[in-house]
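K.L.:
quick one, fold the following:
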Amino acid sequence: MKFVKKDVDGQIEAFLKFLKSNGKMEKLGTNYDNKTMSVHRWFSFMPGFSNVFVNTTFEFFNARENNYCVYDPFIGCGTTAVVGKNFGIKVVGNESNRFLYKISKAKTNTLKNPNSLKEVGDYLLKECLSKWRQTKVSSENTLLQRCYSRNNFRKLVSFRDIYFSNNIKLEYKPYIFLAISSLLPKCADVCISIPYLSWRHKRCAEEPFELFEKIIRMMKEDMIEVGNNRFNKNIKIYFQDSRKPNPKVKVNSVDLVFTSPPYLNNFDYGEALKIYTYFWKFTKNWSEITSKIREKSVVSATTYYLERKHKFNSPYDLLGKEMLAKAPKVSKKIAKIVKLIQLEKAKKRKKSFEILVALYFKDMLKVIQEIYRVLKKDGLSFMVIGDSAPYGVHIPTDRYLGEIALESGFQKFRIMTLRARGHRWTTLKNRHNLKLRESLLILRK
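P.N.:
Residues are numbered from 1 along each chain as shown. Take a look at the predicted model:
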């Protein structure tokens, strides 16, 4: 049945009922399904959402039949784009982290002959086998050297050196980049697949050459399994900060948005991916993570700004003139929250969560304005988002973003809880006992 635009609200209600009847909502906001499914499994980042969720949404709203254009302002490792490629529809997306940008580009790339990837992989492996013992690593990043045995690190660096040579054709480089990147967590002596390095948790490192062969074989098999869908060339991913208008995405050109923005939970994406960005020399140190990643991203952690620059600002100063002018009603609510956190921080607390909260919503206003700009009238935006409670002060992030959207011109918003979250951290000292949730926020333009 064709999507009837005049009954958008009815479609939303029917969709929410369908999700509730599914019985597996707790998985939809996680990357659980992505770890075993073709192409998605090539690289799976912890703060992700289920490809099944995207697929279900596209099917329900007849994305293929209606020739939809879908937009994801936080494309990450490419979940929305990979599903869209399989659907044969157009997807445009932004990613401001250079590493994740290259990962998502690789997963949505088109290779005419998947069997030839195995030949390129064999060549690369042969070269590494003959050269890795002579590879020098003493000048490499010291943090990387601590993560790996000397032999494993030499092998990894030899892979990278040959990748950077001119002996590999351009059409294969995205896949080789992704394959080598996939080696990094599994070939380490410590756990680096979680947000932050854990030196206490030793692991049994895999051998890089054997693992590389497996990964190349898996990629080839997945491309063959996907079949003709891989030839969809209507996927456009831009190295772009979504707080700024993307001139490549036209006004009123998008039918549907599916995304998951950074959560207001002090998760540092630059820090979490530093092993990868150090290895590929995208960044060299903490300072470059700030200048090349944090400053181009939505403020989601206290490491994204200098506290001394905002220390004596009032809540309204932190929110800024644009936020106060464009979203005055919700700004008052956020300002009250900021004041409550300031009081809690006065109790010898360390982190400047009051600044984080204000800057986060200030940035998200810009993202929502950009979503509004590109969406067609009656277009829908689906946003997977979680709430938070810094110092025990609850912040209903989903509701505040919905209210910001209303003040930005959207007609309506709906919220549906997907799962409870935060229960893993209840044993931490000074941890609040509030119940947190992950939600689906739906905006209608």
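K.L.:
export whichever helix in the chain runs longest to PDB, keeping only CA atoms.
P.N.:
Criterion DSSP state H: the longest helix present in the chain is helix 353-374. Taking Å, rounded to 0.1, in the frame of the first residue of the first chain, the C-alpha atoms of helix 353-374 are listed here in PDB:
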ATOM      1  CA  PHE A 353      28.100  18.600  33.900                       C
ATOM      2  CA  GLU A 354      26.200  21.900  34.100                       C
ATOM      3  CA  ILE A 355      28.300  23.200  31.200                       C
ATOM      4  CA  LEU A 356      28.000  20.000  29.300                       C
ATOM      5  CA  VAL A 357      24.200  20.000  29.500                       C
ATOM      6  CA  ALA A 358      23.800  23.500  28.200                       C
ATOM      7  CA  LEU A 359      26.300  23.100  25.400                       C
ATOM      8  CA  TYR A 360      24.800  19.800  24.300                       C
ATOM      9  CA  PHE A 361      21.300  21.200  23.800                       C
ATOM     10  CA  LYS A 362      22.800  24.300  22.200                       C
ATOM     11  CA  ASP A 363      24.500  22.000  19.600                       C
ATOM     12  CA  MET A 364      21.400  19.800  19.100                       C
ATOM     13  CA  LEU A 365      19.300  22.800  18.300                       C
ATOM     14  CA  LYS A 366      21.500  23.300  15.300                       C
ATOM     15  CA  VAL A 367      21.200  19.700  14.300                       C
ATOM     16  CA  ILE A 368      17.400  19.800  14.500                       C
ATOM     17  CA  GLN A 369      17.300  23.000  12.500                       C
ATOM     18  CA  GLU A 370      19.400  21.200   9.800                       C
ATOM     19  CA  ILE A 371      17.000  18.200   9.900                       C
ATOM     20  CA  TYR A 372      14.100  20.600   9.500                       C
ATOM     21  CA  ARG A 373      15.800  22.300   6.500                       C
ATOM     22  CA  VAL A 374      16.300  19.100   4.500                       C
END
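K.L.:
skip ahead from it and say which helix or strand is next.
P.N.:
strand 375-386 (DSSP states H and E).
K.L.:
ok, now which ones touch the nearest residue to residue 19 once chain neighbours are set aside?
P.N.:
Once flanking residues are discounted, residue 19 sits nearest to residue 25: 6.0 Å by Cβ to Cβ, 6 or more residues apart in numbering. The C-beta positions use only the backbone N, C-alpha and C, and glycine is treated the same way. By Cβ atoms under 8 Å, 6 or more residues apart in numbering, the residues touching residue 25 are 19, 418, 419.
K.L.:
which strands and helices sit next to the longest helix of the chain?
P.N.:
Other helices and strands packing on helix 353-374, by 3 or more Cβ pairs under 8 Å, 6 or more residues apart in numbering; DSSP states H and E, are strand 254-259, helix 307-310, helix 315-326, helix 328-345, helix 397-407.
K.L.:
and the average pLDDT for the second one is what?
P.N.:
In this model, helix 307-310 carries a mean pLDDT of 92.
K.L.:
off-centre distance for stretch 105-115?
P.N.:
Put simply, stretch 105-115 sits 21 Å off its chain's centre (Cα atoms, centre = their mean, to the nearest Å).
K.L.:
CA atoms of it as CSV?
P.N.:
The C-alpha atoms that make up stretch 105-115 are tabulated as CSV, following Å, rounded to 0.1, in the frame of the first residue of the first chain:
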residue,chain,number,x,y,z
LYS,A,105,32.3,4.6,3.0
ALA,A,106,33.9,1.2,2.8
LYS,A,107,30.8,-0.6,3.9
THR,A,108,28.7,1.1,1.2
ASN,A,109,31.3,1.0,-1.5
THR,A,110,30.6,-1.0,-4.7
LEU,A,111,33.0,-3.6,-6.0
LYS,A,112,32.1,-5.3,-9.3
ASN,A,113,34.0,-8.5,-8.7
PRO,A,114,34.1,-9.6,-5.0
ASN,A,115,36.3,-12.5,-5.9
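K.L.:
now the residue most central in space within the chain, what's its secondary structure?
P.N.:
With distances taken as Cα atoms, centre = their mean, the residue of the chain nearest its centroid is residue 76 (3.3 Å). Using DSSP: H, G, I helix; E, B strand; the rest coil, the structure places residue 76 in coil.
K.L.:
let me know the helix or strand that the residue lying closest to it once chain neighbours are set aside is in.
P.N.:
Once flanking residues are discounted, residue 76 sits nearest to residue 100: 5.5 Å by Cβ to Cβ, 6+ apart. Using DSSP H and E, residue 100 falls within helix 98-107.
K.L.:
for residue 237, same thing?
P.N.:
strand 235-239.
K.L.:
contact partners for residue 140?
P.N.:
153, 157.
K.L.:
report the secondary structure state of it.
P.N.:
coil.
K.L.:
name the residues that touch the helix or strand where residue 440 lies?
P.N.:
Taking DSSP H and E as the criterion, residue 440 maps to strand 436-444. The contact list for strand 436-444, computed with Cβ under 8 Å, 6+ apart, reads 8-9, 12, 16, 19, 28-29, 257, 368, 371, 378-389, 398, 401-402, 405, 410-422.
K.L.:
from those, list the buried ones, please.
P.N.:
When these are checked for burial by 16 or more other Cβ atoms under 10 Å, the buried set is 8, 12, 19, 28-29, 257, 368, 371, 378-389, 398, 401-402, 405, 410, 413-416, 418, 421-422.
K.L.:
part of a strand, is residue 200?
P.N.:
Yes - when classified by three-state DSSP, residue 200 is found to be part of a strand.
K.L.:
neighbours around it, how many?
P.N.:
7 (other Cβ atoms under 10 Å).
K.L.:
same check, this time on the one 4 residues further on
P.N.:
Residue 204 has 6 neighbours, counted by other Cβ under 10 Å.
K.L.:
and for the one 5 residues further on?
P.N.:
Taking other Cβ under 10 Å as the neighbour definition, residue 209 ends up with a count of 17.
K.L.:
next: residue 406.
P.N.:
Quick note: residue 406 (other Cβ under 10 Å) scores 16 neighbours.
K.L.:
ok, residue 243 next?
P.N.:
By other Cβ under 10 Å, 20 other residues sit near residue 243.
K.L.:
which element, helix or strand, includes it?
P.N.:
Applying DSSP H and E, one finds residue 243 in no helix or strand.
K.L.:
contact partners for the residue nearest to it when sequence neighbours are not counted?
P.N.:
Using Cβ to Cβ, 6+ apart and skipping residues adjacent in sequence, the residue nearest residue 243 is residue 366, 4.1 Å away. For residue 366, the contact set (Cβ under 8 Å, 6+ apart) comprises 242, 243, 244.
K.L.:
turn these into CSV, including distance to residue 175.
P.N.:
Shown next, in CSV, are the contacts of residue 366 (distance: Cβ to Cβ, whole Å):
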residue, distance to residue 175
242, 26
243, 31
244, 30
